[in-house]
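Participant: using only what follows, build the 3D model:
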Amino acid sequence: MTRQVFLYDPPERFVAGTVGLPGRRTFFLQASAGGRVTSVALEKTQVAALAERIDELLDEVVRRTGGNAPVPAVAPTDIADTAPLDAPVEEEFRVGTMALAWDGEEQRMIVEAQALVELEADSEEDLAEAEERLLQDEENGPPMLRVRLSGAQARAFAKRALDVVNAGRPPCPLCSLPLDPEGHVCPRQNGYRRGA
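Facilitator: This next block holds a predicted model:
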């Protein structure tokens with residue numbers, strides 16, 4: 001089967017967002033341009049890791065170029081995107097593997113999100129080899145979202161993504177586990193609740 005690549009170079013919009021209530025949210029990356037919209041589902045931890053790695057990579061680009069790269073130190077407020085995901089949100093695939101790169105010639109961040117694929121192997125070596133072949137197969141691999149962003153777009157994406165991740169349920173002040181609206185049994189209090 002031929003690999004389906006959803007390419008946005010550049011996107012009009014590339015954001016992380018959620019559908020659902022805190023505690024039951026589904027996280028998405030969504031890219032759009034020219035009337036096309038692509039939404040891919042992923043885990044909260046993947047969104048957080050992606051945002052952190054984008055910021056780290058951009059900081060490294062700035063450091064290595066002596067500040068000459070077109071990368072702002074912080075997310076520009078004039079391109080901040082706080083709008084919800086474009087509806088309807090239709091999942092193209094669930095993300096398994098993500099990759100980041102900086103194209104020094106074009107001065108662009110490349111973000112790739114590849115569909116989750118289950119591989120079978122007899123040993124760890126065979127599994128690692130199968131994963132590498134899959135990642136290198138440009139023609140027959142799993143579906144992929146590939147987005148090319150300017151430094152400013154990448155900073156704005158990372159800021160919004162971290163804001164989305166942190167917008168969930170507030171943490172318990174004692175155990176740091178998320179507080180549910182229905183109540184919370186805190187392990188630090190051994191499940192004990194004080195009477196009013």
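
Participant: where in this structure is pLDDT low?
Facilitator: Along the chain, the parts satisfying pLDDT under 70 run over 1, 119, 134-138, 191-196.

Participant: hey, where'd the strands end up in it?
Facilitator: 5-8, 13-19, 26-33, 36-42, 91-103, 108-115, 144-149 (DSSP state E).

Participant: kindly reformat those as TSV containing distance to residue 168.
Facilitator: (Glycine included, C-beta is placed from N, CA and C.) Below are those laid out as TSV (distance: least, C-beta to C-beta, whole Å):
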stretch	distance to residue 168
strand 5-8	27
strand 13-19	9
strand 26-33	10
strand 36-42	15
strand 91-103	19
strand 108-115	21
strand 144-149	24
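
Participant: mean neighbour count and distance to residue 172 added to these, as a markdown table?
Facilitator: Formatted as a markdown table, these follow (neighbours: other C-beta atoms under 10 Å; distance: least, C-beta to C-beta, whole Å):
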| stretch | mean neighbour count | distance to residue 172 |
| --- | --- | --- |
| strand 5-8 | 16 | 39 |
| strand 13-19 | 21 | 21 |
| strand 26-33 | 20 | 22 |
| strand 36-42 | 20 | 26 |
| strand 91-103 | 16 | 29 |
| strand 108-115 | 21 | 32 |
| strand 144-149 | 21 | 35 |
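
Participant: spatially nearest residue to residue 49 (excluding sequence neighbours)?
Facilitator: residue 98 (7.8 Å; C-beta to C-beta, 6 or more residues apart in numbering).

Participant: list the contacts for the one you found?
Facilitator: Contacts for residue 98 (C-beta atoms under 8 Å, 6 or more residues apart in numbering) come out as 42, 46, 49-50, 111-114.

Participant: hmm, try it at 10 Å
Facilitator: 29, 42, 46-47, 49-50, 53, 111-114, 145 (C-beta atoms under 10 Å, 6 or more residues apart in numbering).

Participant: quick one, helices of the protein?
Facilitator: For the chain, the helices defined by DSSP state H cover 44-64, 124-136, 151-166.

Participant: could you dump the ones you listed to JSON lines with distance to residue 118 and mean neighbour count?
Facilitator: Shown next, in JSON lines, are these (distance: least, C-beta to C-beta, whole Å; neighbours: other C-beta atoms under 10 Å):
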{"stretch": "helix 44-64", "distance to residue 118": "17", "mean neighbour count": "17"}
{"stretch": "helix 124-136", "distance to residue 118": "11", "mean neighbour count": "12"}
{"stretch": "helix 151-166", "distance to residue 118": "26", "mean neighbour count": "20"}
